[in-house]
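Just need the structure, nothing else, for what follows:
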Amino acid sequence: MNKLLLTLLLALLATACSKDADIAEGLTGKSGSITRFAIFQNHMYVLNLNEVQTYSLQDPDNPVLVHRLPTDYGLETIILYEGTIYIGSTTALYILDVSNPAVPAILSKTDREFTFFGGCDPVVVRGNYAYSTIKIIANICGWVSSESALIVYDVSNKTAPVTLDTYPLNIPNGLGYKDNYLFVCDEGSDRLEVFDISNPLALQPTTYAVPITDPVDLIVDGSRMIVSTKTDFQIFDISDITAIRRMGQIQK
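I've put the predicted structure just below:
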């Protein structure tokens with residue numbers, strides 16, 4: 001979900017009933033895992049298919065392009081985590097150094113097995129581990145011989161990330177986490193899958209999955225979560241992961 005879409009959602013929530021207004025409180029500025037730009041220290045990073053463009057926001061009303069970072073073709077999503085940029089592409093996970101915000105530099109780029117080559121992949125990071133979904137749709141995001149999956153990376157050494165394991169999924173989209181639980185939108189199974197990530201070396205699927213038609217992306221904020229589907233936004237109470245409760249719904 002991009003920030004413009006989130007802003008519109010928050011406006012809708014704020015003008016709804018008092019319960020929905022309470023839900024919206026505190027969510028401003030958060031974004032989902034499927035986004036093509038990020039902002040850090042008065043700079044905005046925007047993805048083209050084969051480059052990262054850096055804009056200075058010194059004058060927010062007049063962004064200025066200050067740098068272009070070429071990459072391989074297929075950039076898809078970008079997130080910022082603890083002063084480092086992570087980019088999901090159709091072929092790899094990129095990690096970028098932004099110690100000089102005006103001139104980002106590639107620290108590393110993972111290799112991917114051909115089985116998972118060509119997928120569209122959002123990424124989230126928690127501590128020393130990155131989680132990325134690989135969505136394969138024949139003739140759209142990859143090839144018939146490819147597979148969709150959740151991939152776990154060890155990114156403790158940002159110059160040499162290591163692929164730890166893969167977990168088959170149907171048509172996964174955006175993802176996010178709360179504490180030791182990872183939520184994955186799986187459009188193919190019409191479910192919000194929930195994994196226990198307390199041990200990143202061996203994720204455990206749980207029985208806490210939530211049925212949702214065509215989930216696309218999600219935002220987690222404390223005990224609340226917004227899931228964006230193809231037709232609506234659904235708001236959930238996730239204070240108790242064992243009993244996730246739907247709180248409201250807004251049509252797109």
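
that's a helix at residue 242, yeah?
Yes - counting by DSSP: H, G, I helix; E, B strand; the rest coil, residue 242 is found in a helix.

From residue 48, how far out is the closest residue to it other than its chain neighbours?
Spatial nearest neighbour of residue 242, chain neighbours left out: residue 208 (5.9 Å); criterion: CB to CB, 6 or more residues apart in numbering. From N, CA and C alone the C-beta is placed, and that goes for glycine too. Remark: distance between residue 208 and residue 48 (CB to CB, to the nearest Å) = 38 Å.

quick one: the helices in this protein?
Under the criterion DSSP state H, the chain contains helices at 3-14, 18-24.

quick one: low-confidence parts of the stretch 1-150 of the chain?
Applying pLDDT under 70 to the stretch 1-150 of the chain flags the ranges 1-30, 112-120, 136-146.

could you redo the last one with a cut-off of 90?
1-35, 49, 60, 72-74, 76, 89-92, 110-121, 134-149 (pLDDT under 90).

contacting residues around residue 149?
116, 133-134, 166-169, 172 (CB atoms under 8 Å, 6 or more residues apart in numbering).

and if we set it to 7 Å?
Going by CB atoms under 7 Å, 6 or more residues apart in numbering, residue 149 touches 116, 134, 166-169.

Now do the contacts for the nearest residue to it once chain neighbours are set aside.
Ranked by CB to CB, 6+ apart and with sequence neighbours excluded, the top spatial neighbour of residue 149 is residue 166, at 4.5 Å. Residues near residue 166 by CB under 7 Å, 6+ apart: 149-151.

ok, so of those, who is nearest residue 216?
Nearest to residue 216 among those, counting by CB to CB, is residue 150 at 16.0 Å.

Spatially nearest residue to the closest one (excluding sequence neighbours)?
Once flanking residues are discounted, residue 150 sits nearest to residue 167: 4.4 Å by CB to CB, 6+ apart.

Verify the stated contact: that neighbour with residue 200.
No - contact status for residue 167 versus residue 200: not in contact, 11.8 Å apart, counting by CB atoms under 7 Å.

so what sits against both of those two?
Joint contacts of residue 167 and residue 200 (CB under 7 Å, 6+ apart) do not exist.

The stretch 151-252 of the chain: strands as residue ranges?
Along the stretch 151-252 of the chain, counting by DSSP state E, counting those that start in this stretch, strands occupy 162-168, 172-178, 181-186, 191-196, 204-205, 210-211, 215-221, 224-229, 232-237, 245-251.

What number of neighbouring residues does the residue nearest to residue 150 come out with?
18 (other CB atoms under 10 Å).

pLDDT at it, what is it?
Looking at residue 167, its pLDDT is 93.

list the contacts for it?
149-150, 203.

Tell me the one of those nearest residue 84?
Distances from residue 84 to the contacts of residue 167, taken as CB to CB, are shortest for residue 150 (20.9 Å).

My guess is that closest one contacts residue 133. True?
Yes - at 5.5 Å, residue 150 counts as touching residue 133 under the criterion of CB under 7 Å.

Could you pull out the residues contacting both of those two?
Residues within reach of residue 150 and of residue 133 at once, by CB under 7 Å, 6+ apart, are 169, 172, 184.

closest to residue 128 among those?
The nearest member of those to residue 128, counting by CB to CB, is residue 184 at 19.7 Å.

Tell me what that closest one is bridged to.
Per DSSP bridges, the residues bridged to residue 184 are residue 175, residue 193.
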